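Visitor: take a look and give me a structure for this.
(chains A, B, C and D)
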Protein chains: 2
Amino acid sequence: MATEKRKRLQKNQGEAVRVSDVARLAGCSTATVSRVQNTPDLVSAETRERVQAAIRALSYMPNSAARALRSNRSRMIGIVIPTLNHAIYASLVDAAQQRFASEGYSLLVATFDYDLDREKEQTAVLIERGAEGLVLVGECHHPEFYPMLAAADIPYINTYVFRPDGAHPCVGIDNRQASFDIAEFLYGLGHRTFGVICALMEGNDRAATRVAGVREALARHGIELDPSAIIERPYSIPSGREALRVLQALIPRPTAIICGNDILAFGALIECHEMGLAVPNDISIVGFDNLDFTAHISPPLTTMDVPAKEMGDGAARFLLDTLKGRTTMRKIRLEPQLIARRTTAPVPGLIFPVDLRKAVD
Amino acid sequence: MATEKRKRLQKNQGEAVRVSDVARLAGCSTATVSRVQNTPDLVSAETRERVQAAIRALSYMPNSAARALRSNRSRMIGIVIPTLNHAIYASLVDAAQQRFASEGYSLLVATFDYDLDREKEQTAVLIERGAEGLVLVGECHHPEFYPMLAAADIPYINTYVFRPDGAHPCVGIDNRQASFDIAEFLYGLGHRTFGVICALMEGNDRAATRVAGVREALARHGIELDPSAIIERPYSIPSGREALRVLQALIPRPTAIICGNDILAFGALIECHEMGLAVPNDISIVGFDNLDFTAHISPPLTTMDVPAKEMGDGAARFLLDTLKGRTTMRKIRLEPQLIARRTTAPVPGLIFPVDLRKAVD
DNA sequence: ATCATTAATGTAATGGATTACATTTCTTTG
DNA sequence: CAAAGAAATGTAATCCATTACATTAATGAT
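Guide: This is a model prediction of the structure:
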């Protein structure tokens, strides 16, 4: 009675149906009600039916806090990403969410805007909330990050990266290899002078790894990538434009521009139009991610397809399996794919007469 | 001892620091520890200091399930959106997340892909998880949706819509007015024949409202929008292209195309290029949302700017205030803004000689 | 100096579902 | 048919932080 009165005062429920109410209506104990929900096989068919009817009749909703407290299972997963403003992360989250939802898990989302301190803090919050697993992005985190996960003994997986030799579960692409392949592709087209436009590398190991891949590929052919040909810029179209202008001022001028993502590449492409540079005849441009729009711009962008949805889904499956106690592959390699569209062509000198090149200057 | 052994077997903690541990180390009661965390003003400065030191020393993390159970506060908010694959929702979520995080709340994200049944289910899950408030999208939900919220007595707010007369808290734009304004703008440019490309209206009241706004504006000028001039298509560039082709087959041919979002508009624009239609000289196109890329395509897209971040932030502030017991404005109107770029121009006949129009056919 | 407040802290009940363990009922088999 | 084992259900302890209420200490007013 006093209890009821207090509850009425609380914001939430005027009645708050509990297991005990269901049990009373179904004529059984609370244990049985609980079993119907969690281990239905242990309950006889009739009883189960009766309990379920009672649940429906009272529209009973278990109190997850109580459940989580006792069972030590929150049915929540945390995902910690740099930002939702990049389509690639958004669709990764979307895919993960769908997979988790299909198994009755909810997703707690936190962002850290490439600030590794914030990533650590936000992750700590999710752990405190009782997340049973974590989906992360990248391999490099705050120095205290992995120790924190170990202390919490919480399963996690790094997305967007693949390191066969690494210590951590991961699902993603080999960024080094992918950008290595891009550089090789361009080298194969005859390009010898390269410019790189990459995302800010602070707090973003993918960006750094991609640059490394390019540098490595070129080094194999005896080409050294000058630091001044690596332009690091925020994720935006204007940044890409500006970066291209910087690269075009270089001597010798790069004939091929490798971009760390499609947004920067799009900016670069626009700036080429603006400067009167013909793409791909005067200059080749390659993006990364294969965002939807890249196939439709003019000319369609050559880019590296990143299977973002598969990453999100794969990460979710890995955690789900792990939580079920199944042993699964801890490292899942996804294959990116170079989509050669129309912003890449053989280096100008190879196919065009020299005078035509000059005409552009 | 038995307790400890059991814990060791459980997946989670080998030690599990609890309030009682902190209390023991700090030499006070658990109540005091709890007060240090929740109502620090009630604790003397020295004691507080001592407790905080103990918390740090043990790196104590409160068990949120226990806290939520007892206090009936989960410190979680739910957000239920159609999909994260549309930039506009992603950035809404991003903004909301940041605001919530700054106040110590975590965000549970669920998607429903425009399926109102799933929206209801997913929302029920979030309520069950103990979400203290809900951020929603749109005004129209499943018939049992609002009753469910009322039964749970949970604060919520509809984003993306503004209805001064509606029964529900909301933060967003007046979609009807916005598209009304677009139609007016085009009418003012002399256009009299219109085509509309809109998103799928099922489970999407914004799309429907926008079409209604156009229809209404035109009706005022005695123009009836023929149903065959309203093309409903999924959110994708190819859809926009195809829709434009359909509209171009109409007789009389529309000189102005009003699109429900920028992606469809972009598709329409591309198809114009493909068909050899000059934009804006032969045909005007208007988008909706003002996504980043629209300013950079060629020609830059005329579109309606939607303050998505403000919506996310505003929704978060509203719920935060409401949870704090403050009374706030329940309906927040945000002003969209027509950004007239270069895909709109006076109707061909007005400025171009007729023969030039014909030349395009 | 004394009583009334206020501040600071402690004790113990509480939230609601789960689950270890106990008990009863039903099969099965020798 | 009895005994053993399995199946079904019940009883009650448990998860851990919060908070109502009680108690003590400190402050202030008269």
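
Visitor: closest residue of the stretch 101-250 of chain A to DNA strand C?
Guide: For the stretch 101-250 of chain A and DNA strand C, the shortest gap (C-beta to the nearest atom of the strand) falls at A:G104, measuring 11.9 Å. Using the backbone N, CA and C atoms, a C-beta is placed for each residue, glycine as well.

Visitor: which one is that residue nearest to, not counting chain neighbours?
Guide: Leaving out its chain neighbours, the residue that sits closest to A:G104 by C-beta to C-beta, 6 or more residues apart in numbering or on different chains is A:R75, at 6.1 Å.

Visitor: next up, the contacts around the one you found.
Guide: For A:R75, the contacting residues are A:64, A:68, A:104-106, A:132, B:129, by C-beta atoms under 8 Å, 6 or more residues apart in numbering or on different chains.

Visitor: out of these, which comes closest to A:Q52?
Guide: The nearest member of these to A:Q52, counting by C-beta to C-beta, is A:G104 at 16.7 Å.

Visitor: flag every buried residue along the helix or strand hosting A:V93.
Guide: Assigning secondary structure by DSSP states H and E places A:V93 in helix A:87-102. Of the residues in helix A:87-102, those with enough neighbours to count as buried (16 or more other C-beta atoms under 10 Å in any protein chain shown) are A:87-101.

Visitor: now find how far off-centre it is within its chain.
Guide: When distances are taken as C-alpha atoms, centre = their mean, to the nearest Å, helix A:87-102 is centred 9 Å away from the chain's centroid.

Visitor: which strands border the helix or strand that that helix is followed by, and is each parallel or antiparallel?
Guide: Along the chain past helix A:87-102, the next helix or strand (assigned with DSSP H and E) turns out to be strand A:106-111. Strand A:106-111 has the following sheet partners, assigned by DSSP bridges: strand A:76-81 (parallel), strand B:106-111 (antiparallel).

Visitor: so which of the ones you listed is nearest DNA strand D?
Guide: Checked against C-beta to the nearest atom of the strand, the stretch from the strands paired with strand A:106-111 lying closest is strand B:106-111, at 15.1 Å.

Visitor: and whichever helix or strand comes after the closest one with strand B:106-111, angle?
Guide: From strand B:106-111 onward toward the C-terminus, using DSSP H and E, the following helix or strand is helix B:116-128. Per axes from the mean of the first three to the mean of the last three C-alpha atoms, to 10 degrees, the angle that helix B:116-128 makes with strand B:106-111 is 160 degrees.

Visitor: if you count neighbours, what's buried in helix B:116-128?
Guide: Along helix B:116-128, these residues count as buried under the neighbour rule (16+ other C-beta under 10 Å): B:116, B:118-120, B:122-128.

Visitor: average model confidence for it?
Guide: Averaging the model's pLDDT scores along helix B:116-128 yields 97.

Visitor: and the following helix or strand past that helix with chain A, contact?
Guide: Moving toward the C-terminus from helix B:116-128, the next helix or strand (DSSP H and E) is strand B:134-137. No: under the criterion of C-beta under 8 Å from any C-beta of the partner chain, chain A is not reached by strand B:134-137; the shortest gap measures 12.2 Å.

Visitor: can I get strand B:134-137 as CSV, trimmed to CA atoms?
Guide: Listed next in CSV are the C-alpha coordinates belonging to strand B:134-137 (Å, rounded to 0.1, in the frame of the first residue of the first chain):
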residue,chain,number,x,y,z
LEU,B,134,12.8,9.3,-26.7
VAL,B,135,13.8,11.2,-29.7
LEU,B,136,11.6,10.4,-32.6
VAL,B,137,11.3,11.4,-36.3
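
Visitor: list the contacts of the nearest residue to A:H142 once chain neighbours are set aside.
Guide: Leaving aside its sequence neighbours, A:H142 sits nearest to A:K120 (C-beta to C-beta, 6+ apart; 4.1 Å). Contacts here follow C-beta under 8 Å, 6+ apart; on that basis A:K120 touches A:141-142, A:144-145, A:148.

Visitor: now the most centrally placed residue in chain A: closest residue in space, sequence neighbours ignored.
Guide: With distances taken as C-alpha atoms, centre = their mean, the residue of chain A nearest its centroid is A:Y89 (4.2 Å). Nearest residue to A:Y89, sequence neighbours excluded (C-beta to C-beta, 6+ apart): A:I81, at 4.6 Å.

Visitor: A:P40 too?
Guide: Computed as C-beta to C-beta, 6+ apart, the closest residue to A:P40 that is not its neighbour in sequence is A:R48, at 5.9 Å.

Visitor: measure A:D94 to DNA strand D for me?
Guide: A:D94 sits 33 Å away from DNA strand D when distances are taken as C-beta to the nearest atom of the strand, to the nearest Å.

Visitor: no, scratch that, I was asking about A:R67
Guide: When A:R67 is compared with DNA strand D (using C-beta to the nearest atom of the strand), they lie 9 Å apart.

Visitor: got the residues of chain A near DNA strand C?
Guide: Listed as neighbours of DNA strand C in chain A under the rule C-beta under 7 Å from any atom of the strand: A:3, A:6-7, A:16, A:18-20, A:30-31, A:33-35, A:37-38, A:60, A:62-63, A:66-67, A:69-71.

Visitor: report the buried members of those residues.
Guide: Of the members of the residues of chain A next to DNA strand C, the ones counted as buried by neighbours, 16+ other C-beta under 10 Å, are A:16, A:18-19, A:33-35, A:37, A:60, A:62-63, A:66-67, A:69.

Visitor: from these, which land in helices?
Guide: A:19, A:33-35, A:37, A:66-67, A:69 (DSSP state H).

Visitor: of all these, which two lie farthest apart?
Guide: A:R35 and A:L69 (18.2 Å).

Visitor: and the nearest residue to A:A268 once chain neighbours are set aside, how many neighbours does it have?
Guide: For A:A268, ignoring the flanking residues on the chain, the nearest one in space by C-beta to C-beta, 6+ apart is A:L244 at 4.1 Å. Neighbouring residues of A:L244 were enumerated by other C-beta atoms under 10 Å in any protein chain shown; the total is 29.

Visitor: ok, now the one 4 residues further on?
Guide: By other C-beta under 10 Å, the residues close to A:Q248 number 17.

Visitor: got a list of what it touches?
Guide: Shown here is A:Q248, whose contacts under the criterion C-beta under 8 Å, 6+ apart are A:254, A:275, A:277.

Visitor: quick one, helices of the stretch 101-250 of chain A?
Guide: Per DSSP state H, counting those that start in this stretch, the stretch 101-250 of chain A carries helices over the ranges A:116-128, A:145-152, A:175-188, A:205-220, A:237-248.

Visitor: for those helices, which one sits closest to DNA strand D?
Guide: Of the helices of the stretch 101-250 of chain A, nearest to DNA strand D by C-beta to the nearest atom of the strand is helix A:116-128, at 9.9 Å.

Visitor: please see if the closest one touches DNA strand D.
Guide: No: in this structure, helix A:116-128 remains apart from DNA strand D according to C-beta under 7 Å from any atom of the strand; the gap is never smaller than 9.9 Å.

Visitor: got it, and stretch A:147-155?
Guide: No: judged by C-beta under 7 Å from any atom of the strand, stretch A:147-155 and DNA strand D are separated, with a smallest distance of 13.3 Å.

Visitor: can you pull the buried residues of that stretch?
Guide: Along stretch A:147-155, these residues count as buried under the neighbour rule (16+ other C-beta under 10 Å): A:148-149, A:152, A:154-155.

Visitor: re the thing from before, okay, the buried residues of helix B:116-128 in JSON lines with distance to A:D181 next?
Guide: As requested, the buried residues of helix B:116-128 are exported to JSON lines (distance: C-beta to C-beta, whole Å):
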{"residue": "B:L116", "distance to A:D181": "44"}
{"residue": "B:R118", "distance to A:D181": "40"}
{"residue": "B:E119", "distance to A:D181": "42"}
{"residue": "B:K120", "distance to A:D181": "46"}
{"residue": "B:Q122", "distance to A:D181": "40"}
{"residue": "B:T123", "distance to A:D181": "44"}
{"residue": "B:A124", "distance to A:D181": "47"}
{"residue": "B:V125", "distance to A:D181": "42"}
{"residue": "B:L126", "distance to A:D181": "42"}
{"residue": "B:I127", "distance to A:D181": "48"}
{"residue": "B:E128", "distance to A:D181": "47"}
